[in-house]
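S.K.: Okay, here's the prediction I keep looking at, along with the sequence it came from:
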Amino acid sequence: MKKEAQKRIYSLNDSGMNEMENWLLDIKNLWNKRLDNLDKYVLKIKKEKSRDKK
């Protein structure tokens, strides 16, 4: 923080934000992959059930 008369000027070091953004992207990709796999599994089960009914 830097004081100038009645003003206080703040600055932000964004290196921590970049690290957090990378971590969040990793988590997002992980969950997207898991949910895609779950979707494929559910569709497979539905397909098998519909085949068994015939």
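M.R.: On my side now, so go ahead. Remember, predicted model here, so these are calculated numbers, not experimental data.

S.K.: Quick check: which element contains Lys46?
M.R.: helix 15-53 (DSSP states H and E).

S.K.: what number of residues lie near Asn22?
M.R.: For Asn22, the count of nearby residues is 10 (other Cβ atoms under 10 Å). In this view, the C-beta of every residue, glycine as well, is placed from N, C-alpha and C.

S.K.: which residue is nearest the centroid of the protein?
M.R.: Most central in the chain under Cα atoms, centre = their mean is Lys28, positioned 2.3 Å from the mean C-alpha point.

S.K.: Kindly provide the distance from Arg34 to Ile27.
M.R.: Note on Arg34: its distance to Ile27, by Cβ to Cβ, to the nearest Å, is 11 Å.

S.K.: Could you measure from Lys49 over to Leu35?
M.R.: Distance check for Lys49 against Leu35: by Cβ to Cβ, it reads 21 Å.

S.K.: Please read the previous query as pertaining to Leu12.
M.R.: Separation of Leu12 from Leu35 (Cβ to Cβ): 33 Å.

S.K.: Pick out whichever of those two has more residues nearby.
M.R.: Taking neighbours as other Cβ under 10 Å, Leu12 and Leu35 compare with Leu35 leading, 10 against 7.

S.K.: Just the pLDDT at the more buried one, thanks.
M.R.: Looking at Leu35, its pLDDT stands at 99.

S.K.: I'd guess Leu12 is in a helix, am I close?
M.R.: No. Residue state for Leu12 (DSSP: H, G, I helix; E, B strand; the rest coil) corresponds to coil; a helix is not indicated.

S.K.: Use 735 as the first number for this chain going forward.
M.R.: Got it, first residue is 735 now, which makes that one Leu746.

S.K.: Tell me how far it lies from Asp773.
M.R.: 39 Å.

S.K.: what ranges of the chain fall below the confidence cut-off?
M.R.: Across the chain, the ranges flagged by pLDDT under 70 are 735-738, 788.

S.K.: in its sheet, what does the host helix or strand of Arg742 sit against?
M.R.: Arg742 belongs to strand 741-743 when assigned by DSSP H and E. Neighbouring strands of strand 741-743 in its sheet, by DSSP bridges, are strand 736-738 (antiparallel).

S.K.: Thanks a lot, see you next time.
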